[in-house]
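> The sequence isn't on hand, but the structure is:
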């Protein structure tokens, strides 16, 4: 039970980090129809900027400044890169962001090198906040949870109770209608894109020092964020939250409780042929399939319920 | 006869190439380009002709490769019926077809973004599985094989690289012809129609989903042939061959070459693989250049390189001399473009040099000139070239565009011949 709670805590933490990324992505997608392939690259930029800023100043400055810079970079890419491509259709836009993801990864390698950079947890938050039933709950991880929950609440309040949120929600459901009411849709697109990238930047700042700040971090996380928004249902922030938590918890539990298929086979009284080519199927453990699980869920979801859990329209 | 001319010319060029470039490096390079042409054309059956953007087409390429490697090893151990290496690619094709039918059934129900996402999901899933199922895929090491399994017709053993080159060239020509003829069939036409307007296709009585499924399966068949050829050529298959990186590479090849015309993927595969194999030894920044090239193509000429050529087709169809007034404006624009690109390359190379901490050299050689990236002079020079080139590009572009406009207008007025 104690270990279950600890695994759940880590799962929720990972899930909230995924949500920070997914929230921006789903906002961008539902408004502009652009599936931003480079979204995780902005997450990576957030981590690298935070590393650079915390080298010069400190972590708290990085927490504020790095997401702002990432947001500006994102808005710039939308303004001068994505907007001209818009007239060629959604597939061209998707391809554009795919190319941008490559370019950002290479630029990061060019500036910071191919090896991971030592982006550390700030000293003030290095220790354990409390120890419960033999498991250490570190200050920093609790801090991450607080930050991501705070952002979720702020985002929810922004979209529900402010005029900006009203316009954004209206633009999500019907951009042309909003344009006829006199709103500058391209500008709203630009700032939404930048804002979504800034959210990914926040995730990079708080997550980079735990997950490791290296050039491959975008490729590892990017596709999983796609899975989150598809399973949650495109355009649904609540769905993104639920899906992010499901994926976070399922993958962490699969790693934590390392059950194997082999024990199941033995329990059923079957024998294992250790020389067969298929022998590895009986050796699969849940920890090994953990990286596959999100994609399996994605494929099943798209086959049986293409709208996702809470989506109101097809992908 | 006129229709056959390009094919005969292609066959003659393929026959002659190894006599012109006979080094081992050139042979492997040309073999690899040959099979990548098959893969790229197969991919364009989806992207260009069927309107399906896939981020996981390397799955069929790679799985066929794995199957081929295992089959060759099993032949060696006399566990499976003997198949001559000449026909092994067909076996790979059927492996690709099998997985294409299977995965295509669930993924081609929708086109557009959904299809792209499912293809990415399957791509990631299979890549992750190759690292889990060690007995089949042997993890990160991949599997080795030996393509020499016995003597075939006319004493061919496929030991020497030249024999493998001709094997690949033959299959490449055959597959290219088959895929070209496919575009001329009613199926090829209706596949284009599904790309452009699936709703109307439904109205005239076709199921656009079944058309996509068929196109997907056929494309996987040819991708499988390419994968088997890869396994025979390299005698090794690893998880890189099924990974999303390989899928991305074929996407880059096809898109940069041009999705709109049949020759686009051929141009793209040839150019990009040639650049990749020659540049990776020279520069660290190859992937950056590739990404920038791809983004530039999407932003500025979405028709790709083949699109640039077909843009001029209506002009030289009327008369080749109409192209003459284009030469000088084009040359000016091209010179400006080359200058700005060279300047940027210089800057990027120096940045890479400074950031790679393992580097022990202090002198960097760019374009044959020794320059010290830790002094100011080369930075000023390259920045100057890049900026001046950039301005020249903006200055010369309008005259190049207006020259093309004039030429196309003239071509409309003049009679043919």
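Yep, that arrived. As the structure is a prediction and not an experimental result, all values here were calculated from the model.

> Let's see the pLDDT reported for residue A:274.
Model confidence at residue A:274, given as pLDDT, is 61.

> Sketch out the low-pLDDT regions of the chain for me.
Let's take chain A. A:1, A:125, A:127-129, A:132-135, A:258-284, A:286, A:312-315 (pLDDT under 70).

> look at chain B instead
Across chain B, the ranges flagged by pLDDT under 70 are B:1, B:151, B:153, B:155, B:356-366, B:368, B:370, B:415-417.

> Mind naming the longest helix for it?
What stands out as the longest helix in chain B, according to DSSP state H, is helix B:376-413.

> Does anything pack onto that helix? Which helices or strands?
For helix B:376-413, the elements it packs on are helix B:313-318, helix B:327-355, judged by 3 or more C-beta pairs under 8 Å, 6 or more residues apart in numbering or on different chains; DSSP states H and E. C-betas here are computed from N, CA, C, even on glycine.

> Just the buried positions in that helix, please.
B:378-379, B:382, B:385-386, B:389-390, B:392-393, B:396, B:400, B:403-404, B:407, B:411 (16 or more other C-beta atoms under 10 Å in any protein chain shown).

> From residue B:234, how far off is residue B:129?
With distances taken as C-beta to C-beta, to the nearest Å, residue B:129 is found 21 Å from residue B:234.

> Assign residue A:137 to helix, strand or coil.
strand (DSSP: H, G, I helix; E, B strand; the rest coil).

> isn't it right next to residue A:131, touching?
Yes: the criterion here is C-beta atoms under 8 Å, and residue A:137 meets it with residue A:131 at 7.3 Å.

> more crowded one of the two?
residue A:137 (16 against 9; other C-beta atoms under 10 Å in any protein chain shown).

> Tell me what that one is bridged to.
residue A:130 (DSSP bridges).

> residues in contact with stretch B:319-327?
Contact with stretch B:319-327 is made by B:312, B:315-316, B:400, B:403-404, B:406-407, B:410-411, B:414, B:416-417, as judged by C-beta atoms under 8 Å, 6 or more residues apart in numbering or on different chains.

> any idea how far the closest residue to residue B:161 other than its chain neighbours lies from chain A?
Distances taken as C-beta to C-beta, 6 or more residues apart in numbering or on different chains place residue B:27 nearest to residue B:161, at 4.4 Å, with adjacent residues excluded. According to C-beta to the nearest C-beta, to the nearest Å, residue B:27 and chain A sit 30 Å apart.

> mind listing what's buried in the helix or strand where residue B:27 lies?
Under the criterion DSSP states H and E, the helix or strand holding residue B:27 is helix B:24-44. Neighbour-count burial for helix B:24-44 flags B:27-44 (criterion: 16+ other C-beta under 10 Å).

> Could you name the helices and strands sitting against it?
Going by 3+ C-beta pairs under 8 Å, 6+ apart, helix B:24-44 lies up against helix B:5-20, helix B:161-184, helix B:208-234, helix B:244-257, helix B:264-279.

> Let me know which of the ones you listed is tucked in deepest.
helix B:208-234 (a mean of 26; mean count of other C-beta atoms under 10 Å in any protein chain shown).

> so what's residue 45 up against?
Looking at chain A here, since you left the chain open. For residue A:45, the contact set (C-beta under 8 Å, 6+ apart) comprises A:70, A:73, A:104, A:108, A:201, A:204.

> think we crossed wires, I meant chain B
Counting by C-beta under 8 Å, 6+ apart, residue B:45 has contacts B:179, B:182, B:191, B:215, B:218, B:219, B:222.

> what residues are up against the residue nearest to the last one when sequence neighbours are not counted?
I take that to be residue B:222. Leaving aside its chain neighbours, residue B:222 sits nearest to residue B:42 (3.5 Å; criterion: C-beta to C-beta, 6+ apart). Residues near residue B:42 by C-beta under 8 Å, 6+ apart: B:57, B:175, B:179, B:219, B:220, B:221, B:222, B:223, B:225, B:226.

> Of those residues, just say which sits nearest to residue B:247.
residue B:57 (5.3 Å; C-beta to C-beta).

> what about the residue lying closest to residue A:113 once chain neighbours are set aside, distance to residue B:287?
Among residues not flanking residue A:113 along the chain, residue B:355 sits closest, at 5.3 Å (C-beta to C-beta, 6+ apart). According to C-beta to C-beta, residue B:355 stands 15 Å off from residue B:287.

> Find the nearest non-adjacent residue to residue 236, please.
Chain wasn't specified; assuming chain A. Here the residue nearest residue A:236, using C-beta to C-beta, 6+ apart, is residue A:310, at 4.2 Å.

> should've been chain B
Nearest residue to residue B:236, sequence neighbours excluded (C-beta to C-beta, 6+ apart): residue B:144, at 5.3 Å.

> from what I can see the one you found touches residue B:234, true?
No: in this structure, residue B:144 is not within contact of residue B:234 by C-beta under 8 Å, at 9.7 Å.

> Now the residue lying closest to residue B:351 once chain neighbours are set aside: phi and psi?
With sequence-adjacent residues excluded and distances taken as C-beta to C-beta, 6+ apart, residue B:351 is closest to residue A:110, at 5.3 Å. Residue A:110 has phi and psi values of phi -70, psi -40 when expressed as degrees, to the nearest 10.

> show me the contacts for residue A:110.
Contacts of residue A:110 (C-beta under 8 Å, 6+ apart): B:285, B:288, B:348, B:351, B:352, B:355.

> any idea how far it is from residue B:283?
11 Å.

> Give me the common contacts of these two.
Overlap of the contact sets of residue A:110 and residue B:283 (by C-beta under 8 Å, 6+ apart) consists of residue B:352.

> so where do the helices sit in the stretch 1-150 of chain B?
Along the stretch 1-150 of chain B, counting by DSSP state H, counting those that start in this stretch, helices occupy B:5-20, B:24-44, B:58-76, B:88-107, B:112-132, B:134-137.
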